[in-house]
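Trainee: Here is the input, now give the coordinates:
(chains A, B, C and D)
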There are 2 protein chains.
Amino acid sequence: MKESVVASSLAAEAYAFVRHRILRGELSMGQVISRRKVAAELGMSFLPVSEALLRLEFEGLLESRPRAGTRVRIPSREDVRGHYIVREALEAQAARLFAVVATPEDRADVQKLAARVDAMSVSDASQYLPAHEKLHRRIAEGARCPALSSAIEKTHALASTWFCVTRQTSEGEPPPRRHQDLVDILVAGDPDAAGEAMRQHVARSFENAMERLKPYFRLRKAYGKTFFRSEKRQKKQLIDASALN
Amino acid sequence: MKESVVASSLAAEAYAFVRHRILRGELSMGQVISRRKVAAELGMSFLPVSEALLRLEFEGLLESRPRAGTRVRIPSREDVRGHYIVREALEAQAARLFAVVATPEDRADVQKLAARVDAMSVSDASQYLPAHEKLHRRIAEGARCPALSSAIEKTHALASTWFCVTRQTSEGEPPPRRHQDLVDILVAGDPDAAGEAMRQHVARSFENAMERLKPYFRLRKAYGKTFFRSEKRQKKQLIDASALN
DNA sequence: ACGGAATGTATGATATGACACATTGGGGTG
DNA sequence: CACCCCAATGTGTCATATCATACATTCCGT
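Mentor: Reported below is the predicted structural model:
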């Protein structure tokens, strides 16, 4: 598979390649990544690959131990909680700014996207996550602060790795108009109300995430400190953890 | 000067070394850093140094252009605004959590630190910044969320590079009890009030920062895209920008 | 004397290779 | 049969070398 991305440096190319793989779910959580394998696959030395993996480790997508290996990070309860607390802070700030400085076009776009997301939550589950992220990204754009947008973008990338592996829980109550209600408050223009609404929205996502990731917390403990290189042991641990589901 | 830091890897040592230099103000904004010079100074190859500088660039302390050089980043107006918006979001979140979950010890400590900071704002200006950062760090600790603490830590490190070079503006109104009033609200226990108080506190810091960094915005434009390697040109640009102060 | 092009020099990017350590799986001992 | 030790393999880390590029200096033409 040729990369469509034209990178200025080999390291950037490797970064995009591995990141794309993780976000598409081709690499499951806990899976070990070999720098040399990736380097051979991309036809480059493993030094630019190292730089790319290092960057991904900073972003929280990977974890590595010296001379042991690099693997896709499995979140702990504290990781998920911390992530959603930071995310709540950033998204609430974006909501506050949006309520004040967003243009009429911003508000119209966001309302349109919210309607689409709510519709997808009951019909097309496969496209729900991308649409949901796009809505939040659009809200951040409306806040007119690049630094805030990029900070939020990072948190989304990290969370994406957690959900591309879990099955959609379409069970029970798909509350329609959840996002439409949210953006209705945002476009109204009151920053305090907007921040509070977004805060509650993220808090609901947090509870949902904790529920869906529960089996993986055991998996993380089972993995422990060791980096399994053979797939057999990995599979064994996985089914052991799933059995406790 | 020997490093007291015992690092697991050479890259970590180089990272701590350069970071320490920047935060202590030994490297002024816009100054060019040579990977080979640092490597020779630390007695290592410049590969671990490269890794360290890459990390610092990712954190926003440095900026580099391929095959041109690496220098300490000079902030733009947008950089400072974005930084304080993100910081406001994170610190307000920390304040909210602190108001709810902080222990009695946390609340006592924070009140003690606030009194010290307010006292220093009129007496010992040199120790004011460290004490101020310590107070905010203690508040983040009281929020009981490591991810939030580290996120705030990063923003503080970045801002530190901006102020270790500017003279203290002890002019005019050193409003005493500014921090004591803030923490009085935090310890009261109402999250909404705590978040709002912290938001306003950070907003005041933002206006202060924009005022003090104003001359450097011109300096950034004067530097433009080129990375000066000779010190003469750098000094010339600096005094030219200062003259417009 | 001044401005612009050619040369020299320093920088970052990358490749290759050597090294120390962690994991692995088999074979020996209890 | 369970447990532990140890060579084989794989991994990340780092050093050295080479290359393409950007900056600095010098030299020449005006």
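Trainee: correct me, but residue A:212 touches residue A:163?
Mentor: Yes. If you go by CB atoms under 8 Å, residue A:212 and residue A:163 touch, sitting 7.4 Å apart. Just so you know, the C-beta spots here come from the backbone N, C-alpha and C atoms, and that holds for glycine as well.
Trainee: helices or strands next to the top helix by length along chain A in the packing?
Mentor: Ranked by residue count under DSSP state H, the longest helix found in chain A is helix A:191-223. The elements that helix A:191-223 packs onto, with contact taken as 3 or more CB pairs under 8 Å, 6 or more residues apart in numbering or on different chains; DSSP states H and E, are helix A:77-101, helix A:146-163, helix A:178-188, helix A:231-243.
Trainee: Same list (those) but as TSV, adding distance to residue A:32.
Mentor: Written out in TSV, the entries for the helices and strands packed on helix A:191-223 read as follows (distance: least, CB to CB, whole Å):
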stretch	distance to residue A:32
helix A:77-101	19
helix A:146-163	15
helix A:178-188	38
helix A:231-243	8
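Trainee: Go through those helices and pick out the most buried.
Mentor: Each of the helices and strands packed on helix A:191-223 was assessed for mean neighbour count using mean count of other CB atoms under 10 Å in any protein chain shown. The highest is helix A:77-101, with a mean of 22.
Trainee: That one packs against which elements?
Mentor: Packed against helix A:77-101, as judged by 3+ CB pairs under 8 Å, 6+ apart, are the following elements: helix A:128-142, helix A:146-163, helix A:178-188, helix A:191-223, helix B:77-101, helix B:146-163.
Trainee: The second one vs chain B: in contact?
Mentor: So that's helix A:146-163. Yes. Counting by CB under 8 Å from any CB of the partner chain, chain B has neighbours in helix A:146-163: A:146-148, A:151.
Trainee: export those residues to TSV and tack on pLDDT and distance to DNA strand D?
Mentor: Formatted as TSV, the entries for those read as follows, by pLDDT from 0 to 100; distance: CB to the nearest atom of the strand, whole Å:
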residue	pLDDT	distance to DNA strand D
A:146	96	24
A:147	96	25
A:148	97	30
A:151	95	26
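Trainee: Closest to chain B out of those?
Mentor: The nearest member of these to chain B, counting by CB to the nearest CB, is residue A:147 at 2.6 Å.
Trainee: pLDDT at the closest residue in space to the closest one that isn't next to it in sequence, what is it?
Mentor: Closest residue to residue A:147 in three dimensions, ignoring its sequence neighbours and counting by CB to CB, 6 or more residues apart in numbering or on different chains: residue B:82, at 2.6 Å. Confidence per residue is given as pLDDT, and for residue B:82 that number is 96.
Trainee: For residue B:70, see how far away residue B:82 is.
Mentor: Using CB to CB, to the nearest Å, one obtains 22 Å as the distance from residue B:82 to residue B:70.
Trainee: Then residue A:176?
Mentor: Residue A:176 sits 52 Å away from residue B:70, taking CB to CB as the criterion.
Trainee: now swap in residue A:102 and tell me
Mentor: On the measure of CB to CB, residue A:102 and residue B:70 end up 37 Å apart.
Trainee: contacting residues for residue A:136?
Mentor: Residue A:136 makes contact with A:91, A:152, A:156 under the criterion CB atoms under 8 Å, 6 or more residues apart in numbering or on different chains.
Trainee: So the residue lying closest to residue A:92 once chain neighbours are set aside versus residue B:11, what's the distance?
Mentor: Counting by CB to CB, 6+ apart, the nearest residue to residue A:92 once its immediate chain neighbours are dropped is residue A:195, at 4.3 Å. Look at residue A:195 and residue B:11: by CB to CB, they are 40 Å apart.
Trainee: Same question for residue A:64.
Mentor: Using CB to CB, which is the criterion applied here, residue A:64 is 13 Å from residue B:11.
Trainee: and what of residue A:105?
Mentor: Separation of residue A:105 from residue B:11 (CB to CB): 46 Å.
Trainee: Same check on residue A:72?
Mentor: 22 Å.
Trainee: Same question for residue A:144.
Mentor: From residue A:144 to residue B:11 the distance is 37 Å (CB to CB).
Trainee: same question, residue A:140
Mentor: Relative to residue B:11, residue A:140 is positioned 33 Å away (criterion: CB to CB).
Trainee: Which one's more surrounded, the two?
Mentor: Comparing residue A:140 with residue B:11 by other CB atoms under 10 Å in any protein chain shown, the one with more neighbours is residue A:140, at 25 against 20.
Trainee: where does chain A have low pLDDT?
Mentor: A:1-7, A:165-175, A:222-226, A:229-245 (pLDDT under 70).
Trainee: Where does the record place the domain boundaries for it?
Mentor: Partitioning chain A according to automatic domain parsing yields domains covering residues A:10-73, A:77-213.
Trainee: Sticking with residue A:13, tell me its helix or strand.
Mentor: With secondary structure defined by DSSP states H and E, residue A:13 is part of helix A:10-23.
Trainee: Taking their axis directions, that helix and helix A:146-163 sit at what angle?
Mentor: Per axes from the mean of the first three to the mean of the last three CA atoms, to 10 degrees, the angle that helix A:10-23 makes with helix A:146-163 is 50 degrees.
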